[in-house]
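Asks: Output the structure for:
(one chain, ligands or ions: 2)
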Amino acid sequence: MTGRLTAALALGLVAIGALLSVGAFGLVAVLLAGAAVGGALALLAGRWNRAANRAARLPERRGTLRPGAGMAMLDALPDPVISLSRRANVMTANRAARLAFPALGQDEPLSFALRDPRLLEAVQSVLDKGGEQRCALSFRTPVERAFDCRIMALEAAGARPEAAAVLVMTDVTEQRAVEAMRVDFVANASHELRTPLASILGFVETLQGPARNDAAARERFLGIMADQARRMARLVDDLLSLSRIELKEHLAPSGTVDLAGLLGQTVGALTGLARDRGVVLSLEVPPGPLMAAGERDELTSAFENLIENAIKYGKSGGKVEVSLVRAEPPGEAIIAVRDYGPGIAAEHLPRLTERFYRVDNALSRAEGGTGLGLALVKHTLNRHRGRLTIQSAPGKGTTVLVSLPCPPAVM
Ligand SMILES: Nc1ncnc2c1ncn2[C@@H]1O[C@H](COP(=O)(O)OP(=O)(O)O)[C@@H](O)[C@H]1O
Ligand SMILES: [Mg+2]
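Replies: Ligands and ions are numbered 1, 2, ... in the order given. Next up, the predicted model:
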């Protein structure tokens, strides 16, 4: 920051000083914590006006206020804050603003660095008519970012009237990404449900019309309809499990489970499926129980999902090995599910836990998959403070590793 820039900040600094002196520590704490930053900043700007007016009236007793401290505080804010002159030139820019918009230049028009016409129009309107304006701003390069911008007029504050407006930008990139994901999710879920539904409706029409008296066709079609209806039921079950587990994700599990016993039962329940696919399923566990804090049902379905995946997608390897070991130093248990199937190419690995992401759509559907299994596993492990690692390479099979904390109290 240059000396001029610091001097130009005086208005804000005096305002911050007044703000502190009226006991608004709560607000400052909120600001520094980064929570509700947008709203708090708007409040701050509002107070700037009032506080600056008050400051103009106050005698010079604020020798304790160091300009550097005020700038440091603005620099600590996670959101860009820019003060503007009456001619829309940049007067001050905090650290977040300088990082986000390196082209910002002291005393240079804001439009040199930020060209968005909606933003510049909003700024001009505030400079002409006062008050407050809001607008959305988004960029695709160098990285995708979205901001919610507020431009607020600063009343002329006696001694230092240069700053005419302040532009506060709240980074809403993450929020937008979450919104986009929700929209995608609803679209995907609807699509997944619509496909079997369309097939059922098609067969109903055929049975009502051309195949009305064809007993053989009726049997066959009813079989397909039952399959499609079961697929819809699985999808709805998985969607419900996903929303239930998401709701509970922040709550630590209350139960205690013996992982060795749980894996023994899960593997036992899946030997039939393995036999059907020509897969030898084996389990290796250390002697005695290995206790972990966890919900039995949730962990059971997570391991079922992983072992089923290994059997269904890795069946060409002919064997699936499940193992449980105590990690060294103790405090963690590691469960590995290893198959010798076709493996997974590197580009898919980071996306496997996304909802509805499948490497091979047709194979997943043929195997009765919903594309939600690994998403469920991920959320279950998040709740259990566990970790999921998928190691795989084409032709080398796949190993899925799960680590779960086993605090000494429950070991
Ligand atoms: N052991 C594995 N070997 C190869 N591919 C796998 C394995 N496990 C999962 N996958 C791939 O990851 C995708 C997502 O798995 P999952 O979320 O369980 O959904 P699905 O319902 O399709 O099984 C599967 O469709 C499959 O393409
Ligand atoms: Mg699966």
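Asks: Check the burial of Phe356 by counting its neighbours.
Replies: Counted with other Cβ atoms under 10 Å, residues neighbouring Phe356 total 19. (Glycine included, C-beta is placed from N, CA and C.)
Asks: Same question for Glu284.
Replies: For Glu284, using other Cβ under 10 Å, the count is 11.
Asks: give me the number of residues near the residue nearest to it when sequence neighbours are not counted?
Replies: Excluding its sequence neighbours, the residue lying closest to Glu284 (Cβ to Cβ, 6 or more residues apart in numbering) is Ser323, at 4.3 Å. Using other Cβ under 10 Å, Ser323 has 16 other residues around it.
Asks: does Cys149 sit in a helix, a strand or a coil?
Replies: strand (DSSP: H, G, I helix; E, B strand; the rest coil).
Asks: which residues sit in contact with whichever residue of the stretch 151-300 of the chain sits closest to ligand 2?
Replies: When scored by Cβ to the ion, the stretch 151-300 of the chain has Asp238 as its residue closest to ligand 2, at 9.4 Å. Contact analysis of Asp238 by Cβ atoms under 8 Å, 6 or more residues apart in numbering lists 370, 372-373, 376.
Asks: centre of the chain versus stretch 142-156, how much separation?
Replies: 24 Å (Cα atoms, centre = their mean, to the nearest Å).
Asks: again but with stretch 169-184, I slipped
Replies: Put simply, stretch 169-184 sits 9 Å off its chain's centre (Cα atoms, centre = their mean).
Asks: again, but for stretch 236-256
Replies: On the basis of Cα atoms, centre = their mean, stretch 236-256 sits 17 Å off its chain's mean C-alpha point.
Asks: still on that earlier bit, can you verify my assumption that the residue nearest to Glu284 contacts Ala336?
Replies: Yes. Using Cβ atoms under 8 Å, Ser323 is in contact with Ala336, at 5.0 Å.
Asks: Mind giving me the packing neighbours of the helix or strand harbouring the residue nearest to Glu284?
Replies: Using DSSP states H and E, the element containing Ser323 is strand 319-326. Using 3 or more Cβ pairs under 8 Å, 6 or more residues apart in numbering; DSSP states H and E, the elements in contact with strand 319-326 are helix 259-276, strand 280-284, helix 296-313, strand 332-339.
Asks: could I get the ones you listed as a markdown table with distance to ligand 2 and mean pLDDT?
Replies: Listed next are the helices and strands packed on strand 319-326 as a markdown table, based on distance: least, Cβ to the ion, whole Å; pLDDT from 0 to 100:
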| stretch | distance to ligand 2 | mean pLDDT |
| --- | --- | --- |
| helix 259-276 | 12 | 97 |
| strand 280-284 | 16 | 98 |
| helix 296-313 | 4 | 97 |
| strand 332-339 | 12 | 97 |
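Asks: Quick one: closest of these to Ala146.
Replies: helix 296-313 (34.4 Å; Cβ to Cβ).
Asks: so how far is the strand holding Ser323 from its chain's centroid?
Replies: So, by Cα atoms, centre = their mean, the centroid of strand 319-326 is 31 Å from its chain's centroid.
Asks: Name the residues of it that are buried.
Replies: Neighbour-count burial for strand 319-326 flags 319-324 (criterion: 16 or more other Cβ atoms under 10 Å).
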